[in-house]
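K.L.:
Okay, sequence plus prediction incoming.
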Amino acid sequence: MTTHLKFKVKKKPDVVFEYLSNMQKFASVHPVISSIILTAGNSYKVNETLHFGKIPFSFSYPVTVEFTNIESPIIFKATVFKISKVEMNFRIDTDIDSTVIHEQIDFRTSLPIKKLMRRVFEKQHRLLFENIDKI
């Protein structure tokens, strides 16, 4: 399942790039990530807590992050619970007085949770870019 999202912030592209490519900065603005730990090269362990009502659910998963420069996509590849694969592609474009982020998310899982995952990602990433816009 592929999802396309689009966000607009009033920050310069280099600021957005810094928050998407620097994992400590990314964690500092992400609404559900508590920490990101470098494991090797471009590989990390992400610690996250989701809330289902008042019930917190914490888990961790490996992720790799690939990018060349601000003109190239920033690609996150994660495997959650060894059965769900997520690839996020962020592309940064300049608008007249803002920055537009185009995001493509690919979910691959045998579980019937793709629609739920899509809603969770849409909400989290809307909040993520709102947080970047507030910096």
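P.N.:
On my side now, so go ahead. Numbers count the residues shown, from 1 in each chain.

K.L.:
From the geometric centre of this protein, which residue sits farthest away?
P.N.:
The centre of the chain is farthest from one residue, I96, which by Cα atoms, centre = their mean lies 24.6 Å away.

K.L.:
so is that one in a helix, a strand, or just coil?
P.N.:
Put simply, I96 is coil when judged by DSSP: H, G, I helix; E, B strand; the rest coil.

K.L.:
What residues does it make contact with?
P.N.:
For I96, the contact set (Cβ atoms under 8 Å, 6 or more residues apart in numbering) is empty. Where you see a C-beta, it was placed from the backbone N, CA and C, and this is true even at glycine.

K.L.:
if I look at it, how far off is K6?
P.N.:
Per Cβ to Cβ, to the nearest Å, I96 is found 16 Å from K6.

K.L.:
now swap in R91 and tell me
P.N.:
Plainly put, R91 is 10 Å away from K6 if you go by Cβ to Cβ.

K.L.:
out of these two, which sits in the busier spot?
P.N.:
Each of R91 and K6 has its neighbours counted (other Cβ atoms under 10 Å); R91 has more, 15 against 11.
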